[in-house]
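A.B. asks: below are the sequence and a predicted model; questions follow.
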Amino acid sequence: MIKLLISSLLCSVLFVYSFESVAQRKGNKKDSTEVIRLNNLFKIKYASEPAESFEYATTALEISRKINFLSGEATASNNLGVYNKQKGDYDNALRYFKEALNLYDSLNDKTGAAKALSNIGNIYSINEDFERALDYYKDAKIIFEELSDSSKLLRILNNIGNIYLDNGQEKEAISYYRKVLTFYLSSSEKSTLFDPFSNIGKIYFNQKQYDSALFYFTKSLKKEEDSGNKFGVSAALVKIARLHNARGSLLAARNAGLDAIDIAQSINAKPILLDAYSTLAEVYLHFDDLENSYVYMNQYHIMKDSIFNESSRRAIAELEKSIELEQKEKEIALLRKESEIKDLQYQNGQLYIYGSAAFSILLLALAIISFLKFKQNRKAKYLLEYQNQEILKSKQAIEIQKMKLESWNQNITDSIEYAKSIQEGIMNKNNFKENIPFSFVYFKPKDIVSGDFYWYSRQEGCDILALIDCTGHGVAGAFMTVIANATMNQIVNEEKETEPHKILAKLDIKVMDILKQKEVTTSNHSMDVALCKIDYTNKMVTFAGAKRPLYVVENNKLIEFKGNNFTVGEYFNSPDKKFTYQEIDFEENQTFYLSSDGFADQFGFNTQKKYLRKRFKTLLESISNKSLPEQSKSLELEMKRWQGEMEQTDDMLVIGFRV
């Protein structure tokens, strides 16, 4: 209800103003039609009757400003800019064009704005400010392309060509001119398009190709004569006079120059007269007619001084006019302000009653809304307090659970740390180092405990060394290492079995029995083993492997002894296993390496790929000449370089020894 009353009040006010606005537009409709008619007459007459066209444009501008007809004012300003440009009054032309641009922008008239931009570019081009001219032309070109206005786009391309020509870039200029000419020749409405021939003629004239230049200048003259453009006709005649003078056809040059002066004087085209006087002075000089040459050169300087003096007088007059105009504008603004105050007083009187009623209704509505809001806030407050109490209870419960989890986590961590010490004791690292002094162990678990471990024993004067990679890592892998260690102790230390292939066969059977692998055939609890027997008496190393190899490096060349292609403790994939062995005679310059698959399977931070066995074997070859402790350090540095910030993905164990 409240919204409805407010909307009704606003609509009433808007209706009053809309009615007045419509009445004003109806009163001005006749005047605006006259403005449009005068602006159209200018376009028809400015080329043939410039003085008359000036009156049309001036009257259109005065009426437009009087009735606040912005569209008509913009067009009239642009037309006056065109007129002043033709006269050579470039300062006034630029001022009118910029006024037109501002008006077109305020009306969001893209076509008008593009025309004004093009005209401003023309003035800057005439004043040899080519950089500014090119900026305005390019802005206009973008708009004409958006509007698909081929005729205007054609003129802009021609103007851009003029810029390149004035800058001495004839190749670029001729490219633009030929585009313009191609379009002109293909158009069915040539009379509505501007002269495309003159500029191409100028290019050939500059290149002293006078026949080609004359062909295009003559085409230009015919075009301007057909359209009745006296400015274009006189300008074309001046170009033809210059061409004849350059090629030595003095009579033709003189006749063309005199014709140009007659037409230019009739329309008061001062820039064209300047060019014509200069050309005729040069022609008579070639005739050795110094008297006439002096007359036209004198006319040239008088005209040039006249333009300069006129420009100076205009600047002073504009300054005085601006001061007088500013004073008048202040007086008008004051009168308008007084009129606006009276109008507002009347409107305020009309609106006071409605405003008072609406204000009273609004106050009542606000009181009702405030009361309802108060009740709603009080209810929300009670609800919020209840929710806060519930959240506090939940928070306390979460804190208790957090403390329990932290305690459990600490207990689990302590247990795993204890398991780590047990696992290290099982591996009996010190005993291994004492019995095989020329050796190293590079051991880096992924977690606290590891699924990789090594086992050592001395039997009958021989060293038995095993590297065992159990399924998984962390706690799961560590359980498997306990089973493997106990089973190896039983087979070697108690049963006194020392042949590597037989040790693997017994280890396979016992692990399957312990893990019930034959009953639960889908499980995959197994271990990969590389096992060596070092026989010092016979100077021989006997090797047997379950999916793990033995690497031997001699003179920087690596030889790989592969193990059997099945694993220990697995039944359902390979129930019938027969482990084999290989014997290697050892020499003093040999280095033996056992490794799990962890080192080769680590991912690199930069490559996001695994290290792989090929790269690992190359690394072993490169470090084999170093001492064994240095080799261990090299492995560690290489893995740090490779991993970077990448997380470790598996346990790593590498053993190296010399015998």
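C.D. replies: Structure received.
A.B. asks: any idea how far the host helix or strand of Ile559 is from the middle of the chain?
C.D. replies: Here Ile559 sits within strand 557-561, counting by DSSP states H and E. Taking CA atoms, centre = their mean, to the nearest Å, one finds the center of strand 557-561 at 54 Å from the center of the full chain.
A.B. asks: same check, this time on stretch 49-62
C.D. replies: In terms of CA atoms, centre = their mean, the centre of stretch 49-62 is found 51 Å from the chain centre.
A.B. asks: buried stuff in that stretch?
C.D. replies: By 16 or more other CB atoms under 10 Å, the buried positions in stretch 49-62 come out as Glu49, Pro50, Ser53, Phe54, Tyr56, Ala57, Thr58, Thr59, Ala60, Leu61. From N, CA and C alone the C-beta is placed, and that goes for glycine too.
A.B. asks: over to stretch 445-460?
C.D. replies: So, applying 16+ other CB under 10 Å, buried residues of stretch 445-460: 445-457.
A.B. asks: tell me the mean pLDDT for the helix or strand harbouring Ala466?
C.D. replies: In this assignment (DSSP H and E), Ala466 forms part of strand 462-470. The average pLDDT within strand 462-470 is 94.
A.B. asks: name the helices or strands packed onto that strand?
C.D. replies: When contacts are defined as 3 or more CB pairs under 8 Å, 6 or more residues apart in numbering; DSSP states H and E, strand 462-470 sits against strand 452-459, helix 474-488, helix 500-515, strand 527-535, strand 590-595, strand 652-657.
A.B. asks: burial of the closest residue to Arg132 other than its chain neighbours, as a residue count?
C.D. replies: Distances taken as CB to CB, 6 or more residues apart in numbering put Tyr124 closest to Arg132, at 4.4 Å, once the chain neighbours are dropped. Tyr124 has 20 neighbouring residues, counting by other CB atoms under 10 Å.
A.B. asks: any stretches of the stretch 1-150 of the chain with poor pLDDT?
C.D. replies: Applying pLDDT under 70 to the stretch 1-150 of the chain picks out residues 1-29.
A.B. asks: would you list every one of the helices in it?
C.D. replies: Under the criterion DSSP state H, counting those that start in this stretch, helices of the stretch 1-150 of the chain are mapped to 2-45, 50-67, 70-87, 90-106, 110-126, 130-147, 150-166.
A.B. asks: for the ones you listed, give me CSV that also has distance to Lys614.
C.D. replies: Formatted as CSV, the helices of the stretch 1-150 of the chain follow (distance: least, CB to CB, whole Å):
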stretch, distance to Lys614
helix 2-45, 79
helix 50-67, 87
helix 70-87, 79
helix 90-106, 71
helix 110-126, 68
helix 130-147, 60
helix 150-166, 63
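A.B. asks: residue contacts, the residue lying farthest from the centre of the chain?
C.D. replies: When distances to the mean C-alpha position of the chain are computed (CA atoms, centre = their mean), the maximum falls on Glu460, with 76.2 Å. By CB atoms under 8 Å, 6 or more residues apart in numbering, the contact set of Glu460 is Lys496, Thr498.
A.B. asks: distance of it from Pro500?
C.D. replies: According to CB to CB, to the nearest Å, Glu460 and Pro500 sit 14 Å apart.
A.B. asks: tally of neighbours for Glu34?
C.D. replies: 17.
A.B. asks: try Thr279
C.D. replies: Look at Thr279: counted by other CB under 10 Å, it has 26 neighbours.
A.B. asks: does it touch Gly257 like I think?
C.D. replies: Yes - applying CB atoms under 8 Å as the test, Thr279 and Gly257 come out as touching, 5.2 Å apart.
A.B. asks: what is in contact with the two at once?
C.D. replies: What both Thr279 and Gly257 touch, as defined by CB under 8 Å, 6+ apart, is the set Val238, Ala241.
A.B. asks: spatially nearest residue to Leu628 (excluding sequence neighbours)?
C.D. replies: In space, Leu628 is closest to Phe440, 4.4 Å off (CB to CB, 6+ apart).
A.B. asks: residue ranges with poor pLDDT in the stretch 201-350 of the chain?
C.D. replies: 308-350.
A.B. asks: all helices of it, in order?
C.D. replies: So, for the stretch 201-350 of the chain - with DSSP H, counting those that start in this stretch - the helices run 210-227, 230-247, 250-266, 270-286, 290-427.
A.B. asks: check the offset of the second one from the chain's centre.
C.D. replies: Same thing as helix 230-247. With CA atoms, centre = their mean, you get 52 Å for helix 230-247.
A.B. asks: helix 270-286 and that one, what's the angle between them?
C.D. replies: 20 degrees (axes from the mean of the first three to the mean of the last three CA atoms, to 10 degrees).
A.B. asks: check contacts around Gln209.
C.D. replies: If you count contacts by CB under 8 Å, 6+ apart, then Gln209 has nothing around it.
A.B. asks: phi and psi next, for it.
C.D. replies: Here the main-chain torsion angles of Gln209 (degrees, to the nearest 10) amount to phi -100, psi 80.
A.B. asks: and it, how far from Ile174?
C.D. replies: Applying CB to CB to Gln209 and Ile174 gives a distance of 12 Å.
A.B. asks: Gly72 too?
C.D. replies: To Ile174, Gly72 is 40 Å away according to CB to CB.
A.B. asks: between these two, point out the one with more neighbours.
C.D. replies: With neighbours defined as other CB under 10 Å, Gly72 and Ile174 compare such that Gly72 has more, 24 against 19.
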